[in-house]
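Novice: Here is a sequence with its predicted model. Questions after.
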Amino acid sequence: VIKFLQVMMKHGYIGEFEMIDDHRAGKIVVELNGRLNKCGIISPRYDLSHDQIEDWVGRLLPSRLFGKIVLTTSCGIMNHEEARRR
């Protein structure tokens with residue numbers, strides 16, 4: 001969850017966030033800045049190769065220049081543009 005929030009913060013969709021230890025499950029307080037309209041998940045998880053990323057971008061995002069897809073790769077959590085470059 002923390003790595004996902006770091007990716008979202010890096011691209012300016014959220015502000016700062018802080019973890020609060022309440023001696024139970026813990027809480028995360030996120031500062032929203034109004035740029036986040038919709039956030040969803042793809043379930044079940046799909047395996048895809050680097051040449052399939054463009055197909056998923058076309059299916060999921062409303063425009064090629066609008067939005068991010070966050071992927072879990074062997075190099076860590078990154079957005080679809082970073083994954084395409086690697």
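Specialist: Arrived safely. Computed from a prediction, not measured in an experiment: that's the story for all the values here. Numbers count the residues shown, from 1 in each chain.

Novice: pLDDT score assigned to the residue nearest the centre of the chain?
Specialist: Most central in the chain under Cα atoms, centre = their mean is Val70, positioned 3.5 Å from the mean C-alpha point. On pLDDT, Val70 comes in at 92.

Novice: Would you map the strands across the protein?
Specialist: Secondary structure of the chain, counting by DSSP state E: strands at 14-20, 27-32, 70-73, 76-79.

Novice: With distance to Pro62 added, can I get these in CSV?
Specialist: Just so you know, the C-beta spots here come from the backbone N, C-alpha and C atoms, and that holds for glycine as well. Output for the strands of the chain, formatted as CSV (distance: least, Cβ to Cβ, whole Å):
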stretch, distance to Pro62
strand 14-20, 20
strand 27-32, 20
strand 70-73, 16
strand 76-79, 16
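
Novice: And the ones you listed: which comes nearest His50?
Specialist: strand 70-73 (9.3 Å; Cβ to Cβ).

Novice: Give me the contacts around that closest one.
Specialist: Contact with strand 70-73 is made by Phe4, Val7, Met8, Arg45, Ile53, Ile77, Met78, Asn79, His80, Ala83, Arg86, as judged by Cβ atoms under 8 Å, 6 or more residues apart in numbering.

Novice: what sits opposite Ile20 in the beta ladder?
Specialist: Counting by DSSP bridges, Ile20 is bridged to Lys27.

Novice: what number of residues lie near it?
Specialist: 8 (other Cβ atoms under 10 Å).

Novice: so what's it scoring on pLDDT?
Specialist: 94.

Novice: Run through the residues that contact it.
Specialist: Ile20 neighbours (Cβ under 8 Å, 6+ apart): Gly26, Lys27, Ile28, Val29.

Novice: Of the residues you listed, which one scores lowest on pLDDT?
Specialist: Scoring these by pLDDT puts Gly26 last, at 90.

Novice: Check the gap between it and Met9 for me.
Specialist: Distance of Gly26 to Met9, computed by Cβ to Cβ, to the nearest Å: 18 Å.

Novice: of those two, who's got more company?
Specialist: Set side by side, Gly26 and Met9 show more neighbours around Met9, with 16 against 9, by other Cβ under 10 Å.
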